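Engineer: here you go, sequence then predicted model.
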Amino acid sequence: MKRRKQNTFIFWLFLSPVLFAFVVVIVIPFFLGIFYSFTNWSSSARADSVLTFIGLKNFYRIFRDPSFLYSFLITIIYTFLNVISINVVALVLAVVVTTKLKLRNLYRVGFFIPNLIGGLVLGYVWQFIFNNAIPAIGKAIPLLAGFANANNLILGKVDSSIVALVLVGTWQYAGYIMMIYIAAIEGVPESLIEAATIDGANSFQRFTSITIPMVAQAFTITTFLTLVQSFKQFDINVSLTAGGPSTMFMGKPIFGTELLSLNIYNTAFVANNLAEGQAKAVIFFIVLVIVSIIQVTVNKKKEVEM
Amino acid sequence: MAKVELKGIGKVYDGNVRAVDNANIVVEDKEFLVLVGPSGCGKSTTLRMIAGLEDISEGELLIDGKVVNNVPPKDRDIAMVFQNYALYPHMTVYDNMAFGLKIRKFSKEEIVKRVNEAAKILDIEELLDRKPKALSGGQRQRVAVGRAIVRQPKVFLFDEPLSNLDAKLRVQMRAEISSLHNRLKATMIYVTHDQVEAMTMADKIVVLKDGVIQQIGSPLDLYNKPANKFVAGFIGSPPMNFMQVTATEENGKVFIDEGTFKMEVPGGEYLKSYVGKNLIFGIRPEDISYVPEAIPHKTMNAHVTVVEPLGAEIHVYLYTGKHQFIARVAPDINIAVDQKLNFTVDFSKAVFFDGETELVINK
């Protein structure tokens, strides 16, 4: 009996540091944030001095805020493009580096490295490439002279800026997702591929009929990771475009590439509308949970049990 | 249907690891050939070269007289049953069997017809809608065989297909594959490490060791006329007994001297050139018989260490003082551990091997 008590004590003792951190950093701010979304908290000064409960007013306001609706829209577009782009690129890379290629381990490391560089740094590096390197190439090569024209800057237009965000997002994340696909592809029993070879399938048919269904389990996790990651995209957004260029939406001038996270950040910390930012974050959280649950449920059904 | 010929086939992996050396095998049309040998003897590698799953390093492989070294597996018109069945886990039994036909663009009616036929032969008709996960080992085995037979290939390849089954099922499937062979009249090449499977199923057996063919022949040929000590010891269960002996000659008669006993070899003139040399004396357990009384130069005396009554016969483990050996005796003889008994040997069945080369000494 005494021993059991002691074990329980040790269990909680060892758990307490992480539990403490989790509660302080995640649980309390989460519920506090939900609470603040119903208030008029508007500055980072002492909140209790001016705090009044205003019910659903913040939510009412954000659904009429063109910048929020616009951010929602382009976040969905960005997420859609980014999830497809990352997964296609990652799967192709994984297939390439699981063949009998020489130096394949080197390629694996190479493709993974962008993931080790912070998103902020990547964003600035790519901003330099889009704003300076590509126009310089345009100047040097007559055939590509169009790139030198300031009107054709990739980050100068909304459409191409979003494509640029997808490109850099893929650059950053595809190597990571590739690792998951590599593990999945290498988990496909060699004999299945051999059986399909003898059955007469060519390499493309083997890939579509055997490899793809067999790695369906990986699709659940990779889609989930890329979906959430794209939805929450912040660092690349800040450093690459900072929300620009501007555009018009519902008759109001707004940032053309301001994804949801950046929109929340700007509302809360630039416009100092902390409570409204919090309300947006709550909506953001709910949407993310719903989307993730649907996605995982759908993908789970496609998994193969051995 | 098809004749398969291996001419000087060899396999060298990078790093100069030699898996198969100079294999010359002819598999006649409709023949059931078994490649048998211990683990790592190169039997699976040989089969995989025939399938086209491994490149052939040396020699020529012919199917129906055509060199197919560089023909991809799908164009060799072969089907293979894998050790772990290799069923596609995401497909139903029906789709598993139909996959090869779909890939080869058979008409839908033809696919349905062939799959149903095969399912009937293998008695798996009620399983067609199931996924492999929901099948027992024996059922998976049948599906794997079914996937091969719907293709109606020239040659069937089996890579240790029964080794994942329990003993009872293995005996049953062994018989079923044999009867399938009779029914389909197809050329079959079968790899196993189990000499009982080889003996019971094969028209012709190839015994391999360390990548080198030791002997090719019918099951009874291998059993009665082994080419060397390895084949003699590999084929047969319990295995042949071996004893190190010296040949001696007295008054024109040849004797073998084991150290603890000396026996006359009737008709042993062919051993005269080995007099004074070391020989390996091989005798199968069933060719040793118990005798109540010792007879000089006709019997050996041995100590009983283990008795295994199997019902129909008794396996007696014996020790001469220098060598262990096993005798199969009739179940009506009363034998107990620690007895010292006399045994005689049927020298017409005995084989002798050169002490150095371990090759058989021909009579």
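Structural biologist: Here it is on my side, so go on.

Engineer: quick one: contacts for the closest residue to residue A:96 other than its chain neighbours?
Structural biologist: If the residues on either side of it in the chain are set aside, residue A:96 comes closest to residue A:107, at 7.2 Å by Cβ to Cβ, 6 or more residues apart in numbering or on different chains. C-beta here means a position set from N, CA and C on the backbone, and glycine is covered the same way. Neighbouring residues of residue A:107 by Cβ atoms under 8 Å, 6 or more residues apart in numbering or on different chains: A:93, A:96-97, A:101.

Engineer: next up, phi/psi of residue A:107, please.
Structural biologist: phi -60, psi -40 (degrees, to the nearest 10).

Engineer: now the contacts of residue A:107 in JSON lines, with secondary structure and pLDDT?
Structural biologist: Rendered in JSON lines, the data for the contacts of residue A:107 read as follows (DSSP: H, G, I helix; E, B strand; the rest coil; pLDDT from 0 to 100):
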{"residue": "A:93", "secondary structure": "helix", "pLDDT": "92"}
{"residue": "A:96", "secondary structure": "helix", "pLDDT": "89"}
{"residue": "A:97", "secondary structure": "helix", "pLDDT": "90"}
{"residue": "A:101", "secondary structure": "coil", "pLDDT": "80"}
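
Engineer: return the member of those nearest to chain B.
Structural biologist: Closest to chain B out of the contacts of residue A:107 is residue A:101 (15.4 Å), distances taken as Cβ to the nearest Cβ.

Engineer: I'd say residue B:4 and residue B:27 touch.
Structural biologist: Yes: here residue B:4 lies in contact with residue B:27, judged by Cβ atoms under 8 Å, at a distance of 4.1 Å.

Engineer: any shared contact partners between these two?
Structural biologist: B:155, B:187, B:189.

Engineer: among those, which are in strands?
Structural biologist: Cross-referencing the shared contacts of residue B:4 and residue B:27 with the strands (criterion: DSSP state E) gives B:155, B:187, B:189 as the overlap.

Engineer: the second one contacts residue B:157, correct?
Structural biologist: Yep, that's residue B:187 we're talking about. No: if you go by Cβ under 8 Å, residue B:187 and residue B:157 don't touch, sitting 9.7 Å apart.

Engineer: picking that back up, of the contacts of residue A:107, buried ones?
Structural biologist: Buried members of those, counted by 16 or more other Cβ atoms under 10 Å in any protein chain shown: A:93, A:97.

Engineer: which pair in the contacts of residue A:107 spans the largest distance?
Structural biologist: Distance extremes for the contacts of residue A:107: the farthest pair is A:93 and A:101 at 11.3 Å, using Cβ to Cβ.

Engineer: picking up where we left off before, which of the ones in strands among the shared contacts of residue B:4 and residue B:27 lies closest to chain A?
Structural biologist: When these are compared for distance to chain A (Cβ to the nearest Cβ), residue B:155 comes out closest, at 11.0 Å.

Engineer: which residues touch that closest one?
Structural biologist: The contact partners of residue B:155, by Cβ under 8 Å, 6+ apart, come to B:1-2, B:4, B:27, B:50, B:63, B:76-79, B:186-189.

Engineer: what do you get if the cut-off is 10 Å, keeping everything else the same?
Structural biologist: Residue B:155 sits next to B:1-4, B:27, B:29, B:33, B:50-51, B:63-64, B:76-80, B:186-189 when contact means Cβ atoms under 10 Å, 6 or more residues apart in numbering or on different chains.

Engineer: over to residue B:237?
Structural biologist: Going by Cβ under 10 Å, 6+ apart, residue B:237 touches B:194-196, B:199, B:285.

Engineer: try 7 Å this time
Structural biologist: Residue B:237 makes contacts with B:195-196, as judged by Cβ atoms under 7 Å, 6 or more residues apart in numbering or on different chains.

Engineer: wait, a strand at it?
Structural biologist: No: note on residue B:237: no strand contains this position according to DSSP: H, G, I helix; E, B strand; the rest coil, which reports coil.

Engineer: dihedrals phi and psi, it?
Structural biologist: phi -140, psi 120.

Engineer: just for chain B, where's the confidence low?
Structural biologist: For chain B, the stretches with pLDDT under 70 are B:1.

Engineer: enumerate the residues of chain B near chain A.
Structural biologist: Counting by Cβ under 7 Å from any Cβ of the partner chain, the positions of chain B adjacent to chain A are B:51, B:53, B:73-74, B:78-80, B:82, B:84, B:86, B:88-90, B:99-100, B:103-104, B:133.

Engineer: show me which of those residues are buried.
Structural biologist: Buried positions within the residues of chain B next to chain A, assessed by neighbour count (16+ other Cβ under 10 Å), are B:51, B:53, B:73-74, B:78-80, B:82, B:84, B:86, B:88-90, B:99-100, B:103.

Engineer: so which of those belong to strands?
Structural biologist: Secondary structure assignment by DSSP E places B:78-80 of these in strands.

Engineer: wait, which of the buried ones among the residues of chain B next to chain A is closest to residue A:264?
Structural biologist: Once Cβ to Cβ is applied, the member of those that ends up nearest residue A:264 is residue B:90, at 41.4 Å.

Engineer: settle this for me: the closest one is touching residue A:213, isn't it.
Structural biologist: Yes: with contact taken as Cβ atoms under 7 Å, residue B:90 and residue A:213 are classed as touching, separated by 4.1 Å.

Engineer: any low-confidence regions in chain A?
Structural biologist: For chain A, the stretches flagged by pLDDT under 70 are A:1, A:43-50, A:304-306.

Engineer: how about the strands in it?
Structural biologist: With DSSP E as the criterion, chain A has strands spanning A:246-249, A:252-255.
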